[in-house]
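1. would you be able to build a 3D model of this:
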Amino acid sequence: MNREEGSTHRSRRELLSALAGLAAAPALAGLGAGTEDTVGLGGFNDDDGWLPAEGTELTRVERGPWSTAASAGERALRATADGASVPAITRPADALELLETPYLTADVVPGVAGFDGPVAFEFRLARGGAEGRDREVVARSDPVAVRQAVPGRVYWDASAVDPLAAGRATHLEIAWYPASRDRGDDPDGEAAAAPYRGAVIVDVVRASGTPDAVAAARFVRAIRRLEADHGSHERTEVTERGPTADAGRFVFADGASVPYRFAAADGGFRLTVAGEAVEFEGGV
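-> Numbering: from 1, shown residues only. Prediction:
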């Protein structure tokens with residue numbers, strides 16, 4: 001094995017080790033969170049500049065009674081809606097530099113009264129009032145569905161957003177609604193939607209310069225779906241080790257095992273688990 005192959009092999013080992021730890025960690029600590037190209041947009045231990053959109057109320061909650069929701073630090077943000085069509089939280093976009101850090105993630109735990117399906121989340125760039133009044137959405141992510149009462153991570157690869165559109169934005173938003181409902185593509189559509197009643201816990205909003213942040217969020221989402229079905233991740237068993245690929249299985253509390261394969265691909269790595277392939281550029 002030459003030096004380059006050895007370096008790739010070790011990097012893959014390090015990344016797989018981090019991913020296995022991430023799957024088991026209730027804190028959902030982010031890969032690359034401490035890197036220089038990551039901007040914290042909300043940890044909610046102090047005032048992070050987030051405001052409620054119209055029809056949404058915000059409070060801080062302590063880690064103690066909300067330990068599954070507060071993914072870092074001692075507090076998280078609780079956003080409560082009682083009749084809003086599309087609840088949201090919003091903050092000025094002045095701290096957002098999409099050219100340098102276009103990969104956005106946030107940790108969430110949703111809940112809604114009278115509905116037991118998953119909740120869809122979107123990042124949005126908007127132009128308009130600070131509380132969402134008379135706003136114009138200039139760019140938005142695809143929706144990411146999260147099961148109720150289960151910690152999840154939502155994400156947006158905003159690297160393809162038109163710089164002119166991003167430059168027009170005055171606010172960054174995180175919005176949510178029942179995943180079974182079509183999202184509102186215009187203000188009239190949103191106004192006509194069924195009202196949302198319930199709370200969402202939000203924590204650790206970040207913008208990163210590496211696409212691995214979104215890849216890790218997709219991996220967390222896949223693992224959390226499996227944990228919702230099979231209980232917590234118990235261990236990772238490696239059944240194959242090679243110079244360009246590893247394989248094994250994630251084992252869960254009810255005894256279920258889910259195979260994974262981790263292989264070199266296109267100068268990075270591809271992790272396939274539960275039918276979902278996630279691409280990583282390199283190590284953590």
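2. what's near enough to touch the residue nearest to residue 96 when sequence neighbours are not counted?
-> Counting by CB to CB, 6 or more residues apart in numbering, residue 96 lies nearest to residue 172, which is 5.6 Å off, once chain neighbours are set aside. Every residue, glycine included, has its C-beta placed from N, CA and C. Residue 172 sits next to 41, 90, 91, 92, 93, 96, 123, 124, 125, 126 when contact means CB atoms under 8 Å, 6 or more residues apart in numbering.
3. how about residue 214, secondary structure?
-> Of the three states, residue 214 takes helix according to DSSP: H, G, I helix; E, B strand; the rest coil.
4. circling back: so what's the residue nearest to residue 96 scoring on pLDDT?
-> Listed pLDDT for residue 172 reads 94.
5. now do residue 236
-> pLDDT recorded at residue 236 is 83.
6. try the one 4 residues further on
-> Looking at residue 240, its pLDDT reads 87.
7. give me the element the nearest residue to it once chain neighbours are set aside is part of.
-> Of all residues not flanking residue 240 in the chain, residue 247 sits nearest, at 3.9 Å (CB to CB, 6+ apart). Assigned by DSSP states H and E, residue 247 falls within strand 245-252.
8. now find how far off-centre that strand is within its chain.
-> In terms of CA atoms, centre = their mean, to the nearest Å, the centre of strand 245-252 is set 23 Å apart from its chain centre.
9. related to what we said a few turns ago, make JSON lines from the contacts of residue 172 and add neighbour count and secondary structure to it.
-> Output for those, formatted as JSON lines (neighbours: other CB atoms under 10 Å; DSSP: H, G, I helix; E, B strand; the rest coil):
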{"residue": "41", "neighbour count": "22", "secondary structure": "strand"}
{"residue": "90", "neighbour count": "26", "secondary structure": "strand"}
{"residue": "91", "neighbour count": "19", "secondary structure": "strand"}
{"residue": "92", "neighbour count": "14", "secondary structure": "strand"}
{"residue": "93", "neighbour count": "20", "secondary structure": "helix"}
{"residue": "96", "neighbour count": "20", "secondary structure": "coil"}
{"residue": "123", "neighbour count": "24", "secondary structure": "strand"}
{"residue": "124", "neighbour count": "21", "secondary structure": "strand"}
{"residue": "125", "neighbour count": "25", "secondary structure": "strand"}
{"residue": "126", "neighbour count": "23", "secondary structure": "strand"}
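10. need these in CSV with pLDDT and distance to residue 268, can you?
-> Output for the contacts of residue 172, formatted as CSV (pLDDT from 0 to 100; distance: CB to CB, whole Å):
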residue, pLDDT, distance to residue 268
41, 84, 26
90, 92, 34
91, 92, 32
92, 90, 34
93, 89, 30
96, 85, 26
123, 97, 24
124, 95, 29
125, 95, 28
126, 93, 33
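11. for stretch 46-56, buried residues please.
-> Of all the residues in stretch 46-56, those buried under the rule 16 or more other CB atoms under 10 Å are 50, 51, 52, 53, 54, 55, 56.
12. do you know how far residue 222 is from residue 170?
-> Note on residue 222: its distance to residue 170, by CB to CB, to the nearest Å, is 34 Å.
13. specify which residue of the two has the higher count of neighbours.
-> Neighbours per residue, other CB atoms under 10 Å: of residue 222 and residue 170, the larger number sits with residue 222, 21 against 17.
14. pull the contacting residues for the more buried one.
-> Counting by CB under 8 Å, 6+ apart, residue 222 has contacts 273, 274, 276, 278.
15. which strands and helices sit next to the strand ranked longest in the chain?
-> When the chain is parsed with DSSP state E, its longest strand is strand 196-208. Using 3 or more CB pairs under 8 Å, 6 or more residues apart in numbering; DSSP states H and E as the contact test, the elements touching strand 196-208 are strand 38-42, strand 75-84, strand 103-110, strand 171-178.
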